[in-house]
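Colleague: okay, here's the prediction I keep looking at, along with the sequence it came from:
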Amino acid sequence: MPVREAKPADASAIRSVARSSLLGSYTGALDDETIEEAVEEWYGGERLADLLEMETEHFLVAEEGEKIVGFAELTVSDATDVGAIQWLHVDPGHRDSGIGSELLAAAEEKLEAQGVERIEGAVLAANVDGINFYDDHGYVRGADQQTNIAGETFTERRYLHFPEDRPAALMEARQTDDGTFYIALDEHEMGSRGDFYVAYTDVKRTEKYGYYCDNCESIDTSMDSMGRIVCNDCDNKHKASRWDAAW
């Protein structure tokens, strides 16, 4: 199954695969209107073309014959060493043929070539097949988080993969002006300048302190009026989370 980098001309096929994959994975969890709005928001207009031009975004597509039947969207944080599998979709009519596994392997190879320290994938808890997919491919379950879709709150599960030549520690001690804190590498939110990591006062995560800004290494963070995390030292702001990984 050929897997290649996406091109602007693939936009229509990518939208079609995303739509059919979401409809196949979330029947009963998301209504058709919500899915349609999401597909148009993420892949409609010029947005996909803009993403393809970004150095931190990568799209891989899987082809059967001359037809695109799956794709993966990847993000490499420009401020940290994290590679994220934002979406991995396979058209329902072409599942159970190994396409998802080939896309995942190609995604890992692409991200590891970028020098990431770990790879993260996320999937809504309602997507049982997606959860099993990550489990079957040896990913370690990280922390659950809440995400908002069309005004509703859903549980999202995060899964972690560490390249063989990278350290697999999930907690790191960080020295700040306010003391030593323990940063949970599997609990973070993407910011405009760098990631925000949940900070604990001890390595066993018994007491949560707040958030650590990876951009300026500050623990001085707060919530703004929109409920977003903000670093009071460098004005790093939490970006709205993107969701889903469906097969």
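Modeller: That came in fine, so what should we check first?

Colleague: residue 155 reaches residue 144, doesn't it?
Modeller: Yes - counting by Cβ atoms under 8 Å, residue 155 touches residue 144, with 5.5 Å between them. All C-beta atoms are positioned from the backbone trio N, CA, C, and that covers glycine.

Colleague: identify the contacts common to these two.
Modeller: Applying Cβ atoms under 8 Å, 6 or more residues apart in numbering, one finds that residue 155 and residue 144 are jointly contacted by residue 125.

Colleague: now do the strands in this structure.
Modeller: 3-5, 57-64, 67-76, 82-90, 118-124, 140-141, 145-149, 152-161, 171-176, 179-189, 196-200, 208-213, 221-223, 229-231 (DSSP state E).

Colleague: what is the least confident helix or strand in this protein?
Modeller: Ranked by mean pLDDT, DSSP states H and E, the weakest helix or strand in the chain is strand 145-149, scoring a mean of 72.

Colleague: any idea what the residue nearest to residue 106 when sequence neighbours are not counted is bridged to?
Modeller: Nearest non-adjacent residue to residue 106, counting by Cβ to Cβ, 6 or more residues apart in numbering: residue 3, 4.3 Å away. Assessed by DSSP bridges, residue 3 has beta-bridge partners residue 62.

Colleague: count of neighbours near residue 3?
Modeller: 19 (other Cβ atoms under 10 Å).

Colleague: do the one 3 residues further on as well
Modeller: If you count neighbours by other Cβ under 10 Å, residue 6 ends up with 20.

Colleague: how about the contacts made by it?
Modeller: 14, 52, 59, 60, 61, 71.

Colleague: relative to residue 42, how far out is the closest residue in space to the last one that isn't next to it in sequence?
Modeller: By the measure of Cβ to Cβ, 6+ apart, the closest residue to residue 71 outside its immediate chain neighbours is residue 61, 4.6 Å from it. The spacing between residue 61 and residue 42, counted by Cβ to Cβ, to the nearest Å, is 15 Å.

Colleague: for residue 23, same thing?
Modeller: Where residue 42 is concerned, residue 23 sits at a distance of 15 Å (Cβ to Cβ).

Colleague: over to residue 24?
Modeller: 17 Å.

Colleague: pretty sure residue 158 contacts residue 188?
Modeller: No - using Cβ under 8 Å, residue 158 is not in contact with residue 188, being 9.1 Å away.
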